[in-house]
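A.B. asks: Below are the sequence and a predicted model; questions follow.
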Amino acid sequence: MIHKKQSNQKPVIDLTGPGGNAFDIIGYAKKFGKQLGYSDEETAEMINDMMSSDYEHLLQVFENNFGAYIELKR
């Protein structure tokens, strides 16, 4: 049976796959920030915060900024 895609589902980033490394997450943050109208300064500040600590901190900053739109899956 073919199911229709549910429009209320958030896109998912699989952190265990090839798109789950820190460099890809930062790339997603830049892309989504631009789509959501973040200024260059806001984006740079967010990226600097993401890079200021470990991977878990990076994910937390991403979640704080984009969690309403994107789901991170482990």
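C.D. replies: Looks like it arrived, so ask away. Numbering: from 1, shown residues only.
A.B. asks: For the rest of this, base every contact and every neighbour count on C-alpha atoms.
C.D. replies: OK.
A.B. asks: how about the helices in this structure?
C.D. replies: Here the chain has its helices, by DSSP state H, at 22-35, 40-50, 55-66.
A.B. asks: Next, format these as TSV and append mean pLDDT and mean neighbour count.
C.D. replies: TSV is the format used below for the helices of the chain (pLDDT from 0 to 100; neighbours: other CA atoms under 10 Å):
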stretch	mean pLDDT	mean neighbour count
helix 22-35	97	16
helix 40-50	98	15
helix 55-66	98	16
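A.B. asks: nearest to residue 9, of these?
C.D. replies: Nearest of these to residue 9, taken as CA to CA: helix 55-66 at 14.1 Å.
A.B. asks: Next, the residues that contact the closest one from outside, please.
C.D. replies: 22, 25, 29, 32, 46, 49, 50, 51, 72 (CA atoms under 8 Å, 6 or more residues apart in numbering).
A.B. asks: Could you take these and lay them out as JSON lines, with extra columns for distance to residue 15?
C.D. replies: Formatted as JSON lines, the contacts of helix 55-66 follow (distance: CA to CA, whole Å):
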{"residue": "22", "distance to residue 15": "9"}
{"residue": "25", "distance to residue 15": "9"}
{"residue": "29", "distance to residue 15": "14"}
{"residue": "32", "distance to residue 15": "17"}
{"residue": "46", "distance to residue 15": "19"}
{"residue": "49", "distance to residue 15": "19"}
{"residue": "50", "distance to residue 15": "16"}
{"residue": "51", "distance to residue 15": "17"}
{"residue": "72", "distance to residue 15": "7"}
